[in-house]
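Need a 3D model of the sequence below.
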Amino acid sequence: MFTDGASNDEGAGAGLKITNPEGQHFTYVLRLEFKSTNNEAEYDALLAGLRIAKKLGARHLEAHVDSMLAANQIEGSYDAKYDKMASYLAQAKALMATFATCKVKHIIRSGNKEGDALSKLAAVGFEHLAKDVRVEVLAAPSIMNREILVCSETGNSWMTPIINYLARGILPEKKSDARKIRHKALNYTIQGDILYRRSYLGPLLRCVDTQDANYLLR
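Now for the predicted structure:
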């Protein structure tokens with residue numbers, strides 16, 4: 001995990017990127033709607049990253065922060081002299097203890113360019129952007145990607161292997177197919193017997209059956 005916090009006259013923000021063992025990247029921009037120093041924003045970025053990593057199911061985490069103060073306070077070589085810093089430090093250690101292993105390392109800003117850019121974006125006063133814009137990534141032109149999240153009533157669809165794996169732990173016998181399903185299933189979750197696709201910067205996307213899909217399209 002790479003985190004960075006930024007504070008200026010217009011506001012404060014945090015940016016973070018989490019990469020799992022399969023190489024998937026989860027990127028977040030956080031707008032801090034309260035007064036914050038650079039070091040406090042750095043801590044808020046780290047704490048937010050720890051909470052998100054926990055929700056993603058991480059057990060072993062290596063966090064890189066560009067705040068030398070935060071890294072050294074967590075390591076124990078610096079003291080947290082002020083009450084606010086002591087509270088941030090205590091919260092960070094409490095969250096770190098919920099992982100099987102968790103290390104926090106200092107990284108220079110040039111080695112954390114993405115986090116730095118994200119935190120600066122979030123620190124800018126962009127009220128309309130923060131409220132109205134959701135960012136998604138298109139991997140191919142829309143005219144070439146016609147896949148729709150639709151399930152047929154027979155229950156035999158592209159979603160069936162994903163549901164079988166998430167709900168029952170059942171994988172295809174062929175190893176290559178099993179590997180693909182494991183990788184693809186990381187983007188989905190089941191809640192209340194309903195399959196959803198994860199949306200990093202928005203709500204979960206519900207997969208609907210043919211009847212509901214036709215209704216929605218009309």
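
got the contact list for Tyr88?
40, 43-44, 47, 70, 80 (CB atoms under 8 Å, 6 or more residues apart in numbering). (Each C-beta comes from the backbone N, C-alpha and C, glycine too.)

can you do 10 Å?
For Tyr88, the contact set (CB atoms under 10 Å, 6 or more residues apart in numbering) comprises 39-40, 42-44, 46-47, 70, 73-74, 80, 82.

Repeat that for Gly5.
12-16, 30, 32, 36-46, 48, 65-67, 70, 115-116, 119, 122-123.

which SS class is Tyr88?
Look at Tyr88: counting by DSSP: H, G, I helix; E, B strand; the rest coil, its state is helix.

I'd like the distance from it to Asn20, if you could.
Separation of Tyr88 from Asn20 (CB to CB, to the nearest Å) stands at 26 Å.

give me the low-pLDDT residue ranges for the protein?
Along the chain, the model assigns pLDDT under 70 to residues 8-11, 109-156, 200-202.

quick check: longest helix of it.
helix 38-55 (DSSP state H).

Show me what that helix packs onto, helices and strands only.
strand 2-8, strand 11-19, strand 25-32, strand 60-65, helix 68-75, helix 83-96, strand 101-106, helix 113-123 (3 or more CB pairs under 10 Å, 6 or more residues apart in numbering; DSSP states H and E).

And it, what's buried?
38-50, 52-53 (16 or more other CB atoms under 10 Å).

nearest spatial neighbour of the residue sitting nearest the centre point of the chain, skipping sequence neighbours?
When CA atoms, centre = their mean is applied to the chain, the residue found nearest the centroid is Phe26 (4.2 Å). Residue nearest to Phe26 in three dimensions, not counting chain neighbours: Ile18, with 4.4 Å by CB to CB, 6 or more residues apart in numbering.

Would you confirm that that neighbour contacts Gly57?
No: taking contacts as CB atoms under 10 Å, Ile18 lies outside contact range of Gly57: 11.1 Å.

So which of the two has more stuff around it?
Ile18 (19 against 8; other CB atoms under 10 Å).

quick one: contacts for that one?
Neighbour list for Ile18: 1-3, 24-28, 49, 52-53, 56, 58, 61, 63 [criterion: CB under 10 Å, 6+ apart].

can you tell me how far it sits from Leu30?
For Ile18, the distance to Leu30 equals 13 Å [CB to CB].
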